[in-house]
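A.B. asks: Structure, please.
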Amino acid sequence: MSEPFLLNHLWQSTVFALVAAALAALLRRYQARVRFGIWMAASLKFLLPFSLLTAAGRALAAWWPAARVTAAPIQAAVAFTVPFHELYLNGVVVTPARSWMLGWGDAAAGLALLGSAALLARWIVRSRRLARIVRAARPGELAGAAVRLTSSAVEPGIAGVFRPVMLLPEGLDERLSPEQLEAIVAHELCHARRRDNLWAALHMAVETVFWFHPLVWWIGAQLVAERERACDEAVLRHGRDRQAYASGMLAVCRHYLESPLACAAGVTGGGLADRVAAILHGRAGRRLGLAQKLLLGGVGLAALAGPLAAGALMATAAPTTLTVATITPTRGVSVRDAANLRIGPRKLQLDNMPLREMVQIAYGVRAYQVEGPAWMETERFDVSAPMTNRFQVGQPVPGLKQLLIRRFRLATHEETRDLRVLALVRAPGDAVRLAPAGGGNAVLRYRIAARKAELGGAAGMDQLAELLTAAARAPVLNLTGMPGSYRLQLDLSPASPGAPAAAEVARALQKQLGLTLESQVKPVPILIVDHADRVPR
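C.D. replies: Alright, predicted model coming up:
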């Protein structure tokens, strides 16, 4: 999961959890099982990014009649559901050289993984301990229910997620009166009917992955509190004696240890003092009325249908025109520093970019296909412009050509020239060693470190040729005839200092992928820049 995607998912889930908290507070006088469902939805939201629903909406749009719509009415929905990801020209990301020090994102990811591993190990140890107790327990029957009796001093509870069993300590019937024992057993049977251990296990998965988010632990506490209150209300609705039930709970707390796992539902937890007071006063939550049901249904429908609709509208939205843009010369940055293209749900940002590269992006051509004044490579600009519509990876950025024509008074024409190029082809006599990449946008990354260059990710052959153009320092054309995207991993580190780049690349391709580069002369379209202002208007 990339850093921008994770950040976007976290703020979406945070907003969803806060909305859930407001709904739970609004329905505090109603049955606890309703609030439990609200908190469970907030927990499961951490496992379901809105961007997945948006992608599903785009897929569904293919089944609908094509309609051109403006993006303004759905701007808020787009900003909420599209990840803060950055899209790159032709799906190629070129990563400049990095120092030996890790960035903050790498350090944070490592810390998150370390915390998740530690938490998972803790759950496993506790689960195995409880499993040993269950295996050592003997079958029995108390208060008309099949149980397993253990000599361990654990509180009465339901153990197991998929095959739950009621685990009771030996001698419980001697410490509790028959009325107290029946009420406690009824409480545990309610946990089993509600599948509380399964829901708790799902939230434990959320806690393991997102342990660093305070709201996750708060949601967990609310889930425990509401599930216990829901079972209390169910016991009272079946006519159990309130005094016996409350005194039985207190006796359990005095003599037995609380369960070590949230997915082993017991009797204690969830604000015991408040629960006992509610039991003694016979307070049970009200049933939902029509207005409350409509409120919950509306919120749930909006949470699901909103991202789906946004994705569908984004798929049919009209192309963007960059009518408002800020273009300024780059200050304090070396021409050797990397240029950046960032396209988010609402903004186009070009940093430290020469006009030559902007033309390349706007017209969808490669660097060797652009010819113009030398200053187009040395003078850099920062461009910031609002965008409201979709951008298709591998296509020219919508509206950028018109922006350059308008602000730089760009004038161009096209010629076809015979150029010596490197053709990306299948290596003769070698089987191609590539596996299909599957669905999704193909992204290919080129990472350069000290004395090492490597390529990895997923891409089509056109994208691979685009990247190899930079690696081989010569134009590379895709003549493999291979459609689709493939999983790629390629080490391009030179075998010896001073070796020809193209020869090294061809050797690595043939040895690792079953492809190679052949020198050929091909007609290539060239974009000639006839005029461009050095100072944008």
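A.B. asks: Can you name every helix or strand that the helix or strand where Asp382 lies contacts?
C.D. replies: Assigned by DSSP states H and E, Asp382 falls within strand 380-386. Judged by 3 or more CB pairs under 8 Å, 6 or more residues apart in numbering; DSSP states H and E, strand 380-386 is in contact with strand 326-329, strand 347-354, helix 355-363. All C-beta atoms are positioned from the backbone trio N, CA, C, and that covers glycine.
A.B. asks: Could you rerun that using 6 Å?
C.D. replies: Using 3 or more CB pairs under 6 Å, 6 or more residues apart in numbering; DSSP states H and E, the elements in contact with strand 380-386 are strand 326-329, strand 347-354.
A.B. asks: What residues sit buried inside the first one?
C.D. replies: Along strand 326-329, these residues count as buried under the neighbour rule (16 or more other CB atoms under 10 Å): Ile327.
A.B. asks: For it, give the mean pLDDT please.
C.D. replies: Confidence over strand 326-329 (mean pLDDT, whole number) is 87.
A.B. asks: Show the subsequent helix or strand relative to that strand.
C.D. replies: Sequence order places strand 340-343 as the next helix or strand after strand 326-329, per DSSP H and E.
A.B. asks: Now do the helices in the stretch 351-500 of the chain.
C.D. replies: 355-363, 375-378, 400-407, 461-472 (DSSP state H, counting those that start in this stretch).
A.B. asks: what's the angle between the first one and helix 400-407?
C.D. replies: So that's helix 355-363. If you take axes from the mean of the first three to the mean of the last three CA atoms, to 10 degrees, helix 355-363 sits at 130 degrees to helix 400-407.
A.B. asks: rewinding a little: could you export the helices and strands packed on strand 380-386 as a markdown table, including distance to Arg237?
C.D. replies: Listed next are the helices and strands packed on strand 380-386 as a markdown table, based on distance: least, CB to CB, whole Å:
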| stretch | distance to Arg237 |
| --- | --- |
| strand 326-329 | 65 |
| strand 347-354 | 55 |
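A.B. asks: and Arg287, which of those strands is closest to it?
C.D. replies: Closest approach to Arg287 among those (CB to CB): strand 347-354, 48.1 Å.
A.B. asks: Pull out the buried residues from the closest one.
C.D. replies: Neighbour-count burial for strand 347-354 [16+ other CB under 10 Å]: Leu348, Gln349, Leu350, Asp351, Asn352, Met353, Pro354.
A.B. asks: what about Arg240, which helix or strand?
C.D. replies: Arg240 belongs to no helix or strand, assigned by DSSP H and E.
A.B. asks: Quick check: it touching Ala183?
C.D. replies: Yes - shown here, Arg240 and Ala183 form a contact pair, counting by CB atoms under 6 Å, at 4.5 Å.
A.B. asks: Quick check on those two: which one has the bigger neighbour count.
C.D. replies: The neighbour comparison of Arg240 against Ala183 (other CB atoms under 10 Å) goes to Ala183, with 28 against 21.
A.B. asks: Report the contact partners of the more buried one.
C.D. replies: Counting by CB atoms under 6 Å, 6 or more residues apart in numbering, Ala183 makes contact with Val235, Arg240, Ala244, Tyr245, Gly248.
A.B. asks: on that earlier part again, could you dump the helices of the stretch 351-500 of the chain into JSON lines with mean pLDDT added?
C.D. replies: Converted to JSON lines, the helices of the stretch 351-500 of the chain look like this (pLDDT from 0 to 100):
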{"stretch": "helix 355-363", "mean pLDDT": "88"}
{"stretch": "helix 375-378", "mean pLDDT": "90"}
{"stretch": "helix 400-407", "mean pLDDT": "88"}
{"stretch": "helix 461-472", "mean pLDDT": "80"}
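A.B. asks: Of those, which is nearest Arg29?
C.D. replies: Closest approach to Arg29 among those (CB to CB): helix 400-407, 56.5 Å.
A.B. asks: And for that closest one, what's in contact with it?
C.D. replies: Against helix 400-407 from outside (CB under 6 Å, 6+ apart): Leu322, Ala325, Ile327, Ala362, Leu410, Pro536, Arg537.
A.B. asks: on that earlier part again, who wins for proximity to Ala471 among the helices and strands packed on strand 380-386?
C.D. replies: strand 347-354 (20.1 Å).
A.B. asks: Quick one: mean pLDDT over that closest one.
C.D. replies: Mean pLDDT, strand 347-354: 83.
A.B. asks: do stretch 304-314 as well
C.D. replies: On average, the pLDDT along stretch 304-314 is 74.
A.B. asks: Need the CA coordinates for that stretch. CSV is fine.
C.D. replies: Coordinates of the C-alpha atoms in stretch 304-314 are reproduced here as CSV (Å, rounded to 0.1, in the frame of the first residue of the first chain):
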residue,chain,number,x,y,z
LEU,A,304,-21.9,2.8,-0.5
ALA,A,305,-23.7,4.6,-3.4
GLY,A,306,-21.7,7.8,-3.1
PRO,A,307,-18.3,6.4,-4.1
LEU,A,308,-20.0,4.1,-6.7
ALA,A,309,-21.8,7.1,-8.3
ALA,A,310,-18.6,9.3,-8.2
GLY,A,311,-16.6,6.6,-10.0
ALA,A,312,-19.3,6.2,-12.7
LEU,A,313,-19.5,10.0,-13.2
MET,A,314,-15.7,10.3,-13.3
